[in-house]
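Asker: Sequence unavailable; structure follows:
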Ligand SMILES: [Zn+2]
Ligand SMILES: [Zn+2]
């Protein structure tokens, strides 16, 4: 493994993940659910195929209504409450990993912003980020 390995975990270290490749996409989501779940202005996310990821440790799940119907599942550490990834571990084909959990946060380079319509004025995005008012088609 090199120093550019994408890996990380929660605040207390009980819930960990590691990827065997770079993410398929990286971005931020400013939807009201992401803001409330994170207590922040947005959630920075990285998309990985499920087979690219090894996730270890206990999780607590919270399910809410997804934008396009169905459910969105957020997984946090039951001990420290750190929010780590989205999707159903063992069921979903892909996962979003929340980039704040990265051991090396400099690996995160967002290319898109979702739900720009809900972005507070105090969230300033890097130049060149593609804006979507809601989700890409
Ligand atoms: Zn934890
Ligand atoms: Zn969101």
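Answerer: Thanks, I have it. Since the structure is predicted, the reported quantities are computational estimates derived from the model, not experimental observations. Residues are numbered from 1 along each chain as shown. Ligands and ions are numbered 1, 2, ... in the order given.

Asker: Quick check: closest non-adjacent residue to residue 35.
Answerer: With CB to CB, 6 or more residues apart in numbering as the criterion, residue 35 has its nearest non-adjacent residue at 6.2 Å, and that residue is residue 41. C-beta coordinates here come from the backbone N, C-alpha and C atoms, glycine included.

Asker: Tell me, how many residues neighbour the one you found?
Answerer: 16 (other CB atoms under 10 Å).

Asker: Relative to residue 124, how far out is it?
Answerer: Per CB to CB, to the nearest Å, residue 41 is found 9 Å from residue 124.

Asker: Repeat that for residue 57.
Answerer: Separation of residue 57 from residue 124 (CB to CB): 33 Å.

Asker: and residue 92, how many neighbours does it have?
Answerer: Residue 92: 14 surrounding residues under other CB under 10 Å.

Asker: My read is that it contacts residue 50, right?
Answerer: Yes: the criterion here is CB atoms under 8 Å, and residue 92 meets it with residue 50 at 5.9 Å.

Asker: Name the helix or strand for the residue nearest to residue 59 when sequence neighbours are not counted, please.
Answerer: The shortest distance from residue 59 to any non-neighbouring residue, by CB to CB, 6+ apart, is to residue 75 (4.2 Å). Here residue 75, judged by DSSP states H and E, is contained in strand 71-76.

Asker: Which strands or helices does that strand pack on?
Answerer: strand 60-65, strand 83-86 (3 or more CB pairs under 8 Å, 6 or more residues apart in numbering; DSSP states H and E).
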